[in-house]
Each structure stands twice: as structure tokens, then as C-alpha cells.
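Engineer: need a 3D model of the sequence below.
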Amino acid sequence: MNETQKESLKAKIINEMMTDYKSALEKNFQIAKQFIKITIEGKVEVLFTEKLSTENKICLYLIGKAYTQAAEFSATNEATARELMDDLGIIKGSFYPLIKRLRDKNKIDQIRRGKYTYFSIPSNLIERTLLQINKKIKNS
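Structural biologist: Numbers count the residues shown, from 1 in each chain. Next up is the predicted model:
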């Protein structure tokens, strides 16, 4: 492959395959703000909790973490297990099976750093997750 072909392929990849995390957040802002509120401290509040499954609450919380990072209220788009359990009111015994199910469905990412485990939502799933939850809320 010569240099011209490499540059052409690179341009194609950038134009047609690249996902821009911030544009996914911007594109879905109107839907997200219906379900998520954030604080300047980087905390996330999930709305409509009575109508949502705990799995959906976790996904929305992680989407909210992405917004806190984009707003520079948080250095990362990740949440710890303790943060998710405390902020969403999930007991430890039910939390880990939920996380495993979400990981097995490839709905969230799990990152281990030392003795700590962090969770985030892949940027390519933000829109799909929000649209699915929006549909569920409107149908309930």
C-alpha cells in the first residue's frame, strides 16, 4: 500500500467509522436531560426511577457520568461500584449480578485499576440506550 492509499484509507476511516464521544453526548442531549441531572460536584441524579429497571438506572447513571466529564465536573466518565450502589440505592447482593448481566450483554465496560473496579458505558451505546429507555418511559 503506497502513501496515497494509506492516506485515503485513513480519511475513510475517520469520516465513516470514527465515533466522537462528545458528539454522541451532544446529539442525544435533549433525550438525556429528561432522565439525568448532574451536579457541579460530578454527581448524577437519575429521574423516573420508579419506572425504570435497575439495569436501566445503572446505564443512565453511567451516561450521566459521561456528561459530568464533558462538562468538566468530573475527571472521568467512570463510576465505582460503591458510587453506583450508594447513589442508586442498590444493595450489594443484587448489584453484582446486575453488573455481570450488563457486562455479559456488552452494555457497560468494566475497568480494573489496582484493587478498584470502575464502570462506564461505551460511547457507541449512548444513543441506543437513551432511545430504548425513552421508548419504555413513553409506553408506561
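Engineer: how far off centre is the worst-scoring helix or strand of the chain on mean pLDDT?
Structural biologist: Among the helices and strands of the chain, helix 21-27 carries the lowest confidence by mean pLDDT, DSSP states H and E, at a mean of 80. Per Cα atoms, centre = their mean, to the nearest Å, the displacement of helix 21-27 from the mean C-alpha position of its chain is 11 Å.
Engineer: same deal with stretch 51-71?
Structural biologist: 6 Å.
Engineer: what does the average pLDDT come to for it?
Structural biologist: Average pLDDT, stretch 51-71: 95.
Engineer: any idea which helix is longest in this protein?
Structural biologist: As assigned by DSSP state H, the longest helix anywhere in the chain is helix 54-70.
Engineer: show me the shaky parts of this protein.
Structural biologist: Within the chain, the ranges that satisfy pLDDT under 70 run 18-22.
Engineer: what segments of it are helices?
Structural biologist: 3-16, 21-27, 29-35, 54-70, 81-88, 92-104, 126-139.
Engineer: dump those to TSV, plus distance to residue 120 and mean neighbour count.
Structural biologist: C-beta coordinates here come from the backbone N, C-alpha and C atoms, glycine included. Formatted as TSV, those follow (distance: least, Cβ to Cβ, whole Å; neighbours: other Cβ atoms under 10 Å):
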stretch	distance to residue 120	mean neighbour count
helix 3-16	23	9
helix 21-27	10	15
helix 29-35	15	16
helix 54-70	6	23
helix 81-88	11	16
helix 92-104	11	13
helix 126-139	11	15
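Engineer: reformat those helices as JSON lines; add distance to residue 116.
Structural biologist: JSON lines is the format used below for the helices of the chain (distance: least, Cβ to Cβ, whole Å):
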{"stretch": "helix 3-16", "distance to residue 116": "34"}
{"stretch": "helix 21-27", "distance to residue 116": "22"}
{"stretch": "helix 29-35", "distance to residue 116": "27"}
{"stretch": "helix 54-70", "distance to residue 116": "15"}
{"stretch": "helix 81-88", "distance to residue 116": "9"}
{"stretch": "helix 92-104", "distance to residue 116": "14"}
{"stretch": "helix 126-139", "distance to residue 116": "24"}
